[in-house]
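> Dropping a prediction and its sequence here:
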Amino acid sequence: MEVNLFIIIPIVFAAGIAAGITTVIFLAFKASAGKKEFVAIGASTVSGRGVFALKKIREGDIIERCPALEVTDKDIGGELLNYVFYGNNESARLVVMGNGMLFNHSSTPNVAYYREETGLGPELVLYALRNISKGEELFYSYGDEWWFTRQ
Ligand SMILES: C[S@@+](CC[C@H](N)C(=O)[O-])C[C@H]1O[C@@H](n2cnc3c(N)ncnc32)[C@H](O)[C@@H]1O
């Protein structure tokens, strides 16, 4: 059987290009799917550092699960007082890792949180209260008591 190289060579060439493009798209998709960070630290619109959305976040999305360490109020002093959460009893305090301690306060927050006990210790789970645009600063509410006790 006679093989027409003028037909075969362009077909092989086109197939090679298509395979290359497919591989690049697949790898790019895999890389972006693996990127789970929703937020980054930047200059806040209200005070010092703040936390900002790196991409669009939908209402209900979990923004970050922050490992936390429960200590007593005796372990916490000075400026650190302004960074820790209340713990499971009056004297307990929660030191929250990751980006969890750097969110600023708003009385109309776009983020809320709850505590979850895991086999590895407590976690503070931060989630979106509404759709949030890329670039927006994220806030949770510190609560009235927080501001009242600090005047
Ligand atoms: C947990 S830190 C938040 C991160 C802080 N902005 C930083 O740069 O490290 C809490 C401190 O941020 C400041 N802060 C948070 N929300 C604020 C707001 N809405 N207005 C003014 N200051 C705020 C207060 O000084 C507070 O003591």
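Received the coordinates, thanks. The structure presented is a predicted model; accordingly, all values stated were derived computationally and were not measured. Numbering: from 1, shown residues only.
> was I right about Gly42 contacting Gly48?
No. Counting by Cβ atoms under 8 Å, Gly42 stays clear of Gly48, with 10.5 Å between them. For glycine as for every other residue, the C-beta is placed from the backbone atoms N, C-alpha and C.
> Look at those two and report which has more neighbours.
Neighbours per residue (other Cβ atoms under 10 Å) separate Gly42 from Gly48, with Gly42 holding more: 13 against 8.
> Okay, whatever residue of the chain ends up closest to the ligand and Asn99: tell me how far apart.
The chain approaches the ligand most closely through Gly48 (2.5 Å), counting by Cβ to the nearest ligand atom. Distance of Gly48 to Asn99, given as Cβ to Cβ, to the nearest Å: 14 Å.
> List phi and psi for the residue of the chain closest to the ligand.
Per-residue torsions, Gly48: phi 50, psi -130 (degrees, to the nearest 10).
> Can you classify Ala112 as helix, strand or coil?
Secondary structure assignment for Ala112 (DSSP: H, G, I helix; E, B strand; the rest coil): strand.
> In contact with it: list those residues for me.
Leu126, Tyr127, Leu129, Tyr140, Ser141 (Cβ atoms under 8 Å, 6 or more residues apart in numbering).
> Phe148 is in what secondary structure piece?
Secondary structure from DSSP states H and E places Phe148 in helix 144-150.
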